[in-house]
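Enquirer: got a sequence here, can you model it:
(chains A and B)
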There are 2 protein chains.
Amino acid sequence: MLVLITYDVNTEDAAGRRRLRQIARQCVNYGQRVQCSVFECLLDAAQCKSLQAKLCAIMDPKRDSLRFYYLGNHYAKKIEHFGCKTTYLPEEPLLI
Amino acid sequence: MLVLITYDVNTEDAAGRRRLRQIARQCVNYGQRVQCSVFECLLDAAQCKSLQAKLCAIMDPKRDSLRFYYLGNHYAKKIEHFGCKTTYLPEEPLLI
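Expert: The predicted structure follows:
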């Protein structure tokens, strides 16, 4: 199934930027980074639980927000895109 | 239906921050801002087309990315949240 993962973090501080890089690194193992802090991952139920656990261990629950949206297996018609398509490389330094 | 709207913009520049404020102002007419640039809107098909047109008129298609995810009417079990819940007021200056 397609799982959309959105991550809200304060990227003004270096620790926040580091957490975003770590989150991105985990997510792109299973899919793509479609926006700076939005990831589309193809996961089965076990992978999803495992990824959730990893991301929850990385995030700062007092400062960051992490949301999962389950789009199922028939997701092609559920997504529309407008504007530019930027490619993000999770290992590169992030400028926002 | 619930429509998730994610907006990627460079908020380092004042024009980008202004576009984000304008996007937020439109989206919160129909729902809530759940993360800095993620909005959950309750829309019927006509409202969705109208909102899309407004947002496309605000965004800079060469620099920004705007994505719509259609979560249908039975969305309660399709969403999971972890971490803090920040409330964003679209009229306030945004610090990222």
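
Enquirer: which residue lies nearest the spatial centre of chain A?
Expert: residue A:39 (3.6 Å; C-alpha atoms, centre = their mean).

Enquirer: the helices in chain A, which residues?
Expert: In chain A, the helices defined using DSSP state H lie at A:14-27, A:45-58.

Enquirer: what about residue A:80, how many neighbours?
Expert: 14 (other C-beta atoms under 10 Å in any protein chain shown). Glycine gets a C-beta too; all of them are placed from N, C-alpha and C.

Enquirer: about what we covered before: residues in contact with the nearest residue to the residue nearest to the centre of chain A once chain neighbours are set aside?
Expert: Nearest in space to residue A:39, with sequence neighbours left out and distances taken as C-beta to C-beta, 6 or more residues apart in numbering or on different chains, is residue A:27 at 3.8 Å. Applying C-beta atoms under 8 Å, 6 or more residues apart in numbering or on different chains to residue A:27 gives the contacts A:5, A:33, A:39, A:41, A:51, A:55, A:90.

Enquirer: and residue A:27, how far is that from residue A:55?
Expert: To residue A:55, residue A:27 is 8 Å away according to C-beta to C-beta, to the nearest Å.

Enquirer: equivalent analysis for residue A:84, please.
Expert: Applying C-beta to C-beta to residue A:84 and residue A:55 gives a distance of 26 Å.

Enquirer: what does chain A put close to chain B?
Expert: Residues of chain A lying close to chain B by C-beta under 8 Å from any C-beta of the partner chain are A:4, A:6-8, A:10-12, A:34-38, A:52, A:55-56, A:59-71, A:77-86, A:95-96.

Enquirer: pLDDT below threshold where in chain A?
Expert: A:86-96 (pLDDT under 70).

Enquirer: distance from the centroid: which residue in it tops it?
Expert: Outermost residue of chain A with respect to the C-alpha centroid, by C-alpha atoms, centre = their mean, is residue A:77; its distance is 20.5 Å.

Enquirer: how many neighbours does the nearest residue to residue A:82 once chain neighbours are set aside have?
Expert: Ranked by C-beta to C-beta, 6+ apart and with sequence neighbours excluded, the top spatial neighbour of residue A:82 is residue B:66, at 4.4 Å. For residue B:66, the count of nearby residues is 23 (other C-beta under 10 Å).

Enquirer: any idea what residue B:66 is bridged to?
Expert: For residue B:66, the beta-bridge partners under DSSP bridges are residue A:82, residue B:7.

Enquirer: correct me if wrong: it contacts residue A:83.
Expert: Yes - using C-beta atoms under 8 Å, residue B:66 is in contact with residue A:83, at 5.1 Å.

Enquirer: got any residues that touch both of these two?
Expert: Common contacts of residue B:66 and residue A:83 (C-beta under 8 Å, 6+ apart): residue B:59.
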